[in-house]
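1. got a structure for you, letters missing:
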């Protein structure tokens, strides 16, 4: 409270000093103006008195001059000596007044000059008169009078000086009036200043009264706030949210709340008995840190929070966060705030164990764990310890790089473009396969999956995911594909063996036609004259039959030849017609009528011609063999093509054979499953693998009213990358 009054007194001293300063300034200014007025008034009075004396002297001088002139004239006219006596007196008066006038106007340069000139003129005139008077007795009086010049020049000079003094008198009167007005303004200003100061003093007195009243109220309010704050502090201490202790620098704990006593396992009785001491509560390894904290408290008065451990009464330990401050300078007591970290330590341990479990899961389930930022730059890569051929040469080298800045071999640029689109859309992906080069020149295959990460505000912050090393799997798949290719080649050779008669017919027919046409051409050439038109036509037929035989042999060689798959853009109807031509003999031999419904304007597809024709050949041979067992009814095979709803082509083969057992439809395309007594069960399995490798689908169902139907679809161009799966970073595994 005394501090508040002292602050209030200092606050009040500032306006009071300002008022005193203003009052002194006004008094000094008023005194200065009054003194100036007195000086100017004295100067004006002196000037006015001097002017009056000058005018009186000039008037007296004018009168004396007139007397001198009259006396001179009287003497010169009468030569009466009585005039000379009066003349002498007047002469002396003129001289005296001229000198007196010169003294009065000494401060006025112009009047002083005129007075000097007047004195000289008067002296000269008087000497002239004296000379004339002295010679008057020797000359006639009228003649002497005529010699004396008039004294009008002296009068003129006197008049000029009188006019100047009167002009100065007018100016002095004007200045006197101005001084009187200034006097009135000074008096009025003094009255106003006194009134203002009186009002200010009254207002200040009222303000001081209000201030004192307000200060009293503030002191009361401050006291109430202090009491309320004390109550809040007490509630905080008693709330036992955190531990609060009051200690001495030497380590003795003077006061503590229940929360702190609970942490260390002591009770209020132990506190009262003085059994709580910082040294006894602190484990030996923490005492050096406590010593540094005490030094910090002595030096700056506060100690930043730090973690330490306390010894409980039962000997166990509790981890706490503690900070403190001295009450004020010069004391050895302070307050400490203690937070129990037991739950946080448990949470940290649980988190550590969870991380260990997660790390174990990653190490045993995946080969790498990776993270990227919002710009798709690698920020973290963690490899499994059990990865025998982990790429140590890349560990850490990809951190900070984007996934497209890391060298790769597969997939192609189009797949990476779609991958980046998926990344920019912040979508999850799964099992995105990559091929990476390794120093030995081979490839390393990786399957990557990832999920986008977002912060609490929903802002995208990056990806987190895992990678699996699938090089061995890829090698196994390659081996499987090689085995399938061998099996498919064997299947083609076996199928061609079944078509020996049909193949021989397809080859012998154009050869026989060629022989007959050649004989006919010889006859037309032997005719006289030779029929060259017919020969030309027959030679064209021979060339066509030869090309037909060559195409059949070339196609058979392609089926028999073991070559790697080669995709090309082909027309599906043409491929089907080539297979039908090859199997025409087999169909005729078994009494099967092959009919086609091929749609026009179908788009070109991208596939391997040999593998696709192998599928068609297998399905045709299967249909012919199935209908060969039917004893009744028409044996008919309908081959049709159409546009697929999914922007591809749809091929169907429908026969009128005995049909399929519904129970066998589910396993019809499985390996080693067959419905023939002599079959191996590999034909349809090979067909399915070929169609699926081309990006299509194959299935079978019942034909109406009898028989079986086989269908397959092929896309225009196989999609190498699926958006939901083929987008992801390229971890180094």
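-> Thanks, I have it. Everything numeric here is computed off the predicted structure, so don't read it as measured data.
2. Helix or strand next in line after the lowest-mean-pLDDT helix or strand in the chain, which one?
-> Using mean pLDDT, DSSP states H and E, the weakest-scoring helix or strand in the chain turns out to be helix 141-147, at a mean of 52. From helix 141-147 onward toward the C-terminus, using DSSP states H and E, the following helix or strand is helix 152-239.
3. starting at the chain centroid, how far to that next one?
-> In this view, helix 152-239 has its centroid 59 Å away from the chain centroid, taken as Cα atoms, centre = their mean, to the nearest Å.
4. same thing with stretch 442-459?
-> Using Cα atoms, centre = their mean, we find the averaged C-alpha position of stretch 442-459 to lie 25 Å away from the chain's own average C-alpha position.
5. any idea of the mean pLDDT in that stretch?
-> On average, the pLDDT along stretch 442-459 is 85.
6. Could you give me the buried positions within that stretch?
-> Along stretch 442-459, the positions that meet the burial threshold by neighbour count (16 or more other Cβ atoms under 10 Å) are 443, 444, 445, 446, 447, 448, 449, 450, 452, 453. (Glycine included, C-beta is placed from N, CA and C.)
7. again, but for stretch 403-419
-> Counting neighbours by 16+ other Cβ under 10 Å, one finds that the buried residues in stretch 403-419 are 403, 406, 408, 411, 415, 416, 418, 419.
8. End to end on it, go ahead and measure it.
-> 10 Å (Cα to Cα, to the nearest Å).
9. can you give me how far that stretch is from the chain middle?
-> Going by Cα atoms, centre = their mean, the spacing between the C-alpha centre of stretch 403-419 and its chain's C-alpha centre is 31 Å.
10. now do stretch 690-710
-> That offset, for stretch 690-710, works out to 59 Å (Cα atoms, centre = their mean).
11. Direction included, what does the lengthiest strand in the chain pair against?
-> The single longest strand within the chain, with elements called by DSSP state E, is strand 443-454. Strands adjacent to strand 443-454 in the sheet, as given by DSSP bridges, are strand 429-437 (antiparallel), strand 460-469 (antiparallel).
12. for the ones you listed, which one sits closest to residue 342?
-> For these, distance to residue 342 was read as Cβ to Cβ. The smallest value, 31.3 Å, belongs to strand 460-469.
13. Pretty sure residue 240 sits against residue 263.
-> No - the criterion here is Cβ atoms under 8 Å, and residue 240 misses it with residue 263 at 10.2 Å.
14. what about those two, which has more around it?
-> Set side by side, residue 240 and residue 263 give different neighbour counts by other Cβ atoms under 10 Å, the larger being at residue 263 (22 against 14).
15. any idea how far residue 687 is from that one?
-> Residue 263 is 77 Å from residue 687, where distance means Cβ to Cβ, to the nearest Å.
16. And for residue 105?
-> For residue 105 relative to residue 687 (Cβ to Cβ), the value is 149 Å.
17. Closest to the centroid, which residue in this structure?
-> Closest residue to the average C-alpha location of the chain: residue 459 at 13.3 Å, with Cα atoms, centre = their mean.
18. contacting residues for it?
-> When contacts are counted by Cβ atoms under 8 Å, 6 or more residues apart in numbering, residue 459 touches no other residue.
19. pLDDT and secondary structure for the buried residues of stretch 403-419 - can I get that in CSV?
-> Written out in CSV, the entries for the buried residues of stretch 403-419 read as follows (pLDDT from 0 to 100; DSSP: H, G, I helix; E, B strand; the rest coil):
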residue, pLDDT, secondary structure
403, 72, helix
406, 75, coil
408, 68, coil
411, 71, coil
415, 77, helix
416, 79, helix
418, 83, helix
419, 82, helix
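20. Any idea what residue 650 is bridged to?
-> As for beta bridges, residue 650 partners with residue 642, residue 713 under DSSP bridges.
21. do you know how far it is from residue 78?
-> In terms of Cβ to Cβ, residue 650 sits 176 Å off from residue 78.
22. The two: which is more packed in?
-> residue 650 (20 against 11).
23. So that one is in contact with residue 642, correct?
-> Yes - Residue 650 is within contact range of residue 642, at 4.9 Å (criterion: Cβ under 8 Å).
24. Next, the nearest residue to residue 400 once chain neighbours are set aside: phi, psi?
-> In space, and not counting its chain neighbours, residue 400 is closest to residue 377: 5.6 Å by Cβ to Cβ, 6 or more residues apart in numbering. Reported as degrees, to the nearest 10, the phi and psi values for residue 377 are phi -90, psi 140.
25. Spit out the contact partners of residue 377.
-> Applying Cβ under 8 Å, 6+ apart as the definition, the contact partners of residue 377 turn out to be 400, 401, 402.
26. Could I get the buried residue list for stretch 422-433?
-> Applying a neighbour-count criterion of 16+ other Cβ under 10 Å, the buried positions in stretch 422-433 are 422, 423, 429, 430, 432, 433.
27. Which helix or strand contains the second one?
-> Element membership of residue 423, judged by DSSP H and E, is helix 413-424.
28. between that helix and strand 460-469, how big is the angle?
-> Inter-element angle recorded for helix 413-424 and strand 460-469: 130 degrees (by axes from the mean of the first three to the mean of the last three Cα atoms, to 10 degrees).
29. What helices and strands are in contact with helix 413-424?
-> The contact analysis (3 or more Cβ pairs under 8 Å, 6 or more residues apart in numbering; DSSP states H and E) places helix 413-424 against no helix or strand.
30. pLDDT averaged over the helix or strand where residue 521 lies - what is it?
-> Secondary structure assigned from DSSP H and E places residue 521 in helix 500-526. With pLDDT averaged residue by residue, helix 500-526 scores 65.
31. Quick check: pLDDT value at the closest residue to residue 525 other than its chain neighbours.
-> Nearest residue to residue 525, sequence neighbours excluded (Cβ to Cβ, 6+ apart): residue 535, at 5.8 Å. Confidence at residue 535, expressed as pLDDT, is 72.
32. quick thing: my sequence starts at 779, can you match it?
-> I'll keep to 779 as the first residue from here, and by that count the last item is residue 1313.
33. returning to that earlier point: list buried members of the contacts of residue 1155 by neighbour count.
-> Neighbour counting by 16+ other Cβ under 10 Å classes residue 1180 among the contacts of residue 1155 as buried.
34. what's the neighbour count on residue 895?
-> Residue 895: 13 surrounding residues under other Cβ under 10 Å.
35. Of all the residues in stretch 1094-1111, which ones are buried?
-> Neighbour-count burial for stretch 1094-1111, with 16+ other Cβ under 10 Å as criterion, is recorded at 1096, 1098, 1099, 1100, 1102, 1104.
36. what's the first-to-last distance across it?
-> Distance across stretch 1094-1111, first residue to last, is 28 Å (Cα to Cα).
37. Could you do stretch 1423-1443 as well?
-> 24 Å.
38. Now it: average pLDDT?
-> Mean pLDDT, stretch 1423-1443: 83.
39. Specify which residues of the stretch 929-1078 of the chain, grouped into ranges, have pLDDT under the cut-off.
-> Of all residues in the stretch 929-1078 of the chain, those with pLDDT under 70 make up the ranges 929, 1008, 1010-1011, 1014-1017.
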